[in-house]
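# Structure for this input, please:
(chains A, B, C and D)
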4 protein chains.
Amino acid sequence: MLKRVDVRFILNPEDSGLKNPVFIEGLPGIGHVGKLVADHLVKELKAKKAVEIYSHHFPPQVMVKDDGTISIPKNEIYIYKSEGEGPDLLILVGDFQSISNEGHFELVNAYIDVAKRFGVRRIYTLGGYGIGRLIEEPYVLGAANSRELVDELKEYGVKIEEGEPGGGIIGASGLLLGVAMLEGIDAACLMGATSGYMVDPKSAKAVLDVLMKMLKLEVSVEALDERAKEMEKLIAQIKEMQESAMQQWKGEEDLRYFR
Amino acid sequence: MLKRVDVRFILNPEDSGLKNPVFIEGLPGIGHVGKLVADHLVKELKAKKAVEIYSHHFPPQVMVKDDGTISIPKNEIYIYKSEGEGPDLLILVGDFQSISNEGHFELVNAYIDVAKRFGVRRIYTLGGYGIGRLIEEPYVLGAANSRELVDELKEYGVKIEEGEPGGGIIGASGLLLGVAMLEGIDAACLMGATSGYMVDPKSAKAVLDVLMKMLKLEVSVEALDERAKEMEKLIAQIKEMQESAMQQWKGEEDLRYFR
Amino acid sequence: MLKRVDVRFILNPEDSGLKNPVFIEGLPGIGHVGKLVADHLVKELKAKKAVEIYSHHFPPQVMVKDDGTISIPKNEIYIYKSEGEGPDLLILVGDFQSISNEGHFELVNAYIDVAKRFGVRRIYTLGGYGIGRLIEEPYVLGAANSRELVDELKEYGVKIEEGEPGGGIIGASGLLLGVAMLEGIDAACLMGATSGYMVDPKSAKAVLDVLMKMLKLEVSVEALDERAKEMEKLIAQIKEMQESAMQQWKGEEDLRYFR
Amino acid sequence: MLKRVDVRFILNPEDSGLKNPVFIEGLPGIGHVGKLVADHLVKELKAKKAVEIYSHHFPPQVMVKDDGTISIPKNEIYIYKSEGEGPDLLILVGDFQSISNEGHFELVNAYIDVAKRFGVRRIYTLGGYGIGRLIEEPYVLGAANSRELVDELKEYGVKIEEGEPGGGIIGASGLLLGVAMLEGIDAACLMGATSGYMVDPKSAKAVLDVLMKMLKLEVSVEALDERAKEMEKLIAQIKEMQESAMQQWKGEEDLRYFR
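Numbers count the residues shown, from 1 in each chain, chains lettered A, B, ... in the order given. Here you go, the predicted structure:
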């Protein structure tokens, strides 16, 4: 039986050996910025799966993989035991957020419950911040559930802009900050500025850069860099096609002019 | 964990020192009339926060304040210990109503429960009443859950119009009257007539005027007056622009006529 | 506190003195046929209110009456102690059905529960059957949850048409038959054929005629007759206007022809 | 009272005499392929009804049969005691799937629970796979919740195509595979390729052919064949009409050309 929100521990929090880990959330959202960063971290850090979360609030379907086997919508929490100066990590990833409004609250309750059982004292949620146009130099916008944490974000070059993001922070990235606040857990959201039109690995890299500094963490960014370069090429091609189409159109306009 | 409807008492009703307070509701709605009045009262009376209400029925998001800190959707109840002739007050304010139909019922149940714990014997809900056009002299329309209270409203100049408001009173302002009736608590709704097109501080002032008389309460209305004057200027500007556009259009019409 | 489905007995079923009453449902629906009949019966029989049903599945609002007092959405069950040959009655009336899909099931569960507590052995649900055009001679279409009851309906002139109503019977009128079947209670639905475009007292009268025969009941139909006549006049006026508009249009056509 | 998900055993699993039956699901879906196959099996095998499942997640209505009696939306599970080499069967059929997202999860939980009580070790879900155009030779696409089962499917000629079905498998046919996986039950989905525009008995026959081989089962396919032939004729007629309309149109074009 699958419960409404069904948290399954693969690894006992007490046996994980983690010490006050930092919780990182990177679920799908604008530009898939958060998801790109969190998935990248899980892979590069060879993080270990500790928790699976199933829910009636995910879409009622399964996905079919290339080999014909299936997967059911779930979120996963991976753990990483730090080998350096930085803190231990809990990383929340997955292919879906809740498809109902109430489901967001129920799932975030579950995430916070897991975090507390692992002794989490700080949460970073990762997301994109859609600005409606292509941008050359991505930057990172921030928000936090305490004044002190906002100040800390600024020290790492994270921008705090009045009235931004205007619509608030929607879904798990936002609610985690709110519910954490009520539970006395520090939490900040790092939002990579992005067009909002496509998956944006360049914006993800900007978020990852900030995150690595804050977490005293070093991971290869090569994979993200590569995806970013591919995306850049794609964008360049699109621009070229647009210009060429524009030229052609103007050409035809001119001809028409001379008839 | 955030419960479906999560009522958190900051202040124990028994320790509040309130005696049969009047409950005032001013949540967002048509022309934000109710919200303007209730927020104004909280500020002018320096009312003290007593209860916070969180809910899965509010939007699944957080708002970002100008300093980069966040707030999670909630409703708040403030208390005011009367220093004059009027009754003590409980004032319900907030940025959201339920976003689901069922949620309205669950939240109103919670409001009534709080009211009862504070010994409330009367409720005033505040709202706007959209009439679809700009009005010069705002008036206040009323409804109540007992004949006696309707008569009392009339004594204070509140209008009772047959068949108005035709669509009933939707959301917390309406349901509070209904559920209060079933609980044996007197409740009335004061609706400021308003265009329905914009935030209407002038209509809010009309409601506040009635409310102050009914509650034997005196608060400065300066802030509302100022906002109302600003809004008047804005409306005057819009009218001028419209007329000027109309003139221009007529002018062009005339010219066309003589061609 | 208002429960999700909140059944409030004004009168104890044991103290009602009813003996195996017949349950009649007449909630709003197509042409308001069922509602017209049930409301008429309650009035003419001077039936006594026994139960009020409130629910989170009704619209989150109150209605304002002409005298300024309010009413909260509810369904009501009235009882009638037969003075003649016919059976005692339970009559379900109200201004709303559930506004959610699941709510229909929860409310019908409640209706059936009340019916069982009163010892009901038979249920008639009343509704309209929209055929998409004006009809001269309204007839009554039927369906039932047992073969025997279908045969009984036929004896009273109720039509059983293959494949009608094609879309099934939606809402309380339908579900009551289904849930009653599972509880071993006989139930039939009487549907007055109606255009589906307007409130139809003439169709309601046709349903009432059948019902009176089946229940060995005599009530004045004057009020329904009068409303039906008014509606007829209205329809005649509309037809006249249409024809006159058609004439005029033809006239103009002709003139245009001669220009 | 009808519970949210209301499973009613007509026959005690312990008394059924079934031994590790295979569970087959054939509810409505694309081209009604799964439903056609499962209904056909129930009929041809003279399977016996063992379970009825009612739910608040089905449409709030009843259907009216040709004789005027009604039926309430339900799913049914039939059992078949094998007389040959093949396994015993449990066959899930019905006229509806859940109409809410969450309902799919609750219903699938119930199906799995029933399956476990009957000692089911393997599940086949049947469905259609819409490809957006008419196809001459229907084939069967597959997916499964284990690598071994995928391999087994291939042996029976079931196609496994990379990236198909792209949108995943939605509803009971998909979720059953996912939830079964979590419960340690092997499950595969057989999808008959179909246009997606109409009920497709030809595609159903292709699925049935595979299923019969996998289950070492022999049933007459005559009825499906006949329906398939009728459908073929219908399609041929439609094509002819289209061509004739095309001819006519071309003819008119030509005439126009000569004017």
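# ok and the residue in the stretch 1-150 of chain A nearest chain B?
Chain B sits closest to residue A:104 of the stretch 1-150 of chain A, with a gap of 3.4 Å, by Cβ to the nearest Cβ. No exception for glycine: its C-beta is placed from N, CA and C like everyone else's.
# ok, now which ones touch the residue most central in space within chain A?
Using Cα atoms, centre = their mean, the residue of chain A that lies closest to the mean C-alpha position is residue A:34, 1.2 Å off. The contact partners of residue A:34, by Cβ atoms under 8 Å, 6 or more residues apart in numbering or on different chains, come to A:25, A:26, A:27, A:28, A:125, A:126, A:127, A:128, A:173, A:207.
# State the next helix or strand along the chain beyond the host helix or strand of the fifth one.
Using DSSP states H and E, residue A:125 sits within strand A:122-130. Sequence-wise, the next helix or strand downstream of strand A:122-130 (DSSP H and E) is strand A:140-144.
# got the angle between that following strand and strand A:122-130?
Going by axes from the mean of the first three to the mean of the last three Cα atoms, to 10 degrees, strand A:140-144 is angled at 130 degrees with respect to strand A:122-130.
# Remind me what strand A:140-144 packs against, helices and strands.
helix A:147-155, strand A:186-194, helix A:201-214 (3 or more Cβ pairs under 8 Å, 6 or more residues apart in numbering or on different chains; DSSP states H and E).
# So for that strand, mean pLDDT?
For strand A:140-144, mean pLDDT is 98.
# Could you do stretch A:222-235 as well?
87.
# now do stretch A:78-90
Stretch A:78-90 comes out at a mean pLDDT of 95.
# Now that stretch: buried residues?
A:78, A:79, A:80, A:82, A:87, A:88, A:89, A:90 (16 or more other Cβ atoms under 10 Å in any protein chain shown).
# give the contact list for the residue in the stretch 151-259 of chain A that chain D sits nearest to.
Relative to chain D, the nearest point of the stretch 151-259 of chain A is residue A:171 (16.7 Å; Cβ to the nearest Cβ). If you count contacts by Cβ under 8 Å, 6+ apart, residue A:171 has them with A:27, A:29, A:97, A:98, A:104, B:60, B:61.
# for residue A:114, same thing?
Contacts of residue A:114 (Cβ under 8 Å, 6+ apart): A:7, A:13, A:51, A:53, A:77, A:90.
# which of these count as buried?
By 16+ other Cβ under 10 Å, the contacts of residue A:114 give A:7, A:13, A:51, A:53, A:77, A:90 as buried.
# would you turn those into a markdown table with secondary structure and distance to chain B?
Converted to a markdown table, those look like this (DSSP: H, G, I helix; E, B strand; the rest coil; distance: Cβ to the nearest Cβ, whole Å):
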| residue | secondary structure | distance to chain B |
| --- | --- | --- |
| A:7 | strand | 13 |
| A:13 | helix | 17 |
| A:51 | strand | 17 |
| A:53 | strand | 15 |
| A:77 | strand | 17 |
| A:90 | strand | 18 |
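# Mind picking the two most distant members of these?
A:13 and A:53 (14.3 Å; Cβ to Cβ).
# got a pLDDT number for the residue of the stretch 1-150 of chain A closest to chain B?
98.
# Same question for the one 10 residues further on.
pLDDT recorded at residue A:114 is 98.
# Please name every helix or strand in contact with the biggest helix by length in chain A.
Taking DSSP state H as the criterion, chain A has its longest helix at helix A:222-258. For helix A:222-258, the elements it packs on are helix A:33-44, helix A:201-214, judged by 3+ Cβ pairs under 8 Å, 6+ apart.
# Ok, which of the ones you listed comes nearest residue D:232?
helix A:33-44 (47.4 Å).
# Centre of the chain to that closest one, how far?
Chain-centre distance of helix A:33-44: 7 Å, with Cα atoms, centre = their mean, to the nearest Å.
# next one: stretch A:211-219
The answer for stretch A:211-219 is 16 Å, by Cα atoms, centre = their mean.
# mind saving the C-alpha coords of it as PDB?
The C-alpha trace of stretch A:211-219 is given here as PDB (Å, rounded to 0.1, in the frame of the first residue of the first chain):
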ATOM      1  CA  LEU A 211      26.700  26.800  -3.100                       C
ATOM      2  CA  MET A 212      30.200  25.400  -3.300                       C
ATOM      3  CA  LYS A 213      31.600  28.500  -1.600                       C
ATOM      4  CA  MET A 214      29.000  28.400   1.100                       C
ATOM      5  CA  LEU A 215      29.500  24.700   1.700                       C
ATOM      6  CA  LYS A 216      33.300  24.700   1.400                       C
ATOM      7  CA  LEU A 217      32.800  22.100  -1.200                       C
ATOM      8  CA  GLU A 218      34.700  21.200  -4.400                       C
ATOM      9  CA  VAL A 219      33.100  19.300  -7.200                       C
END
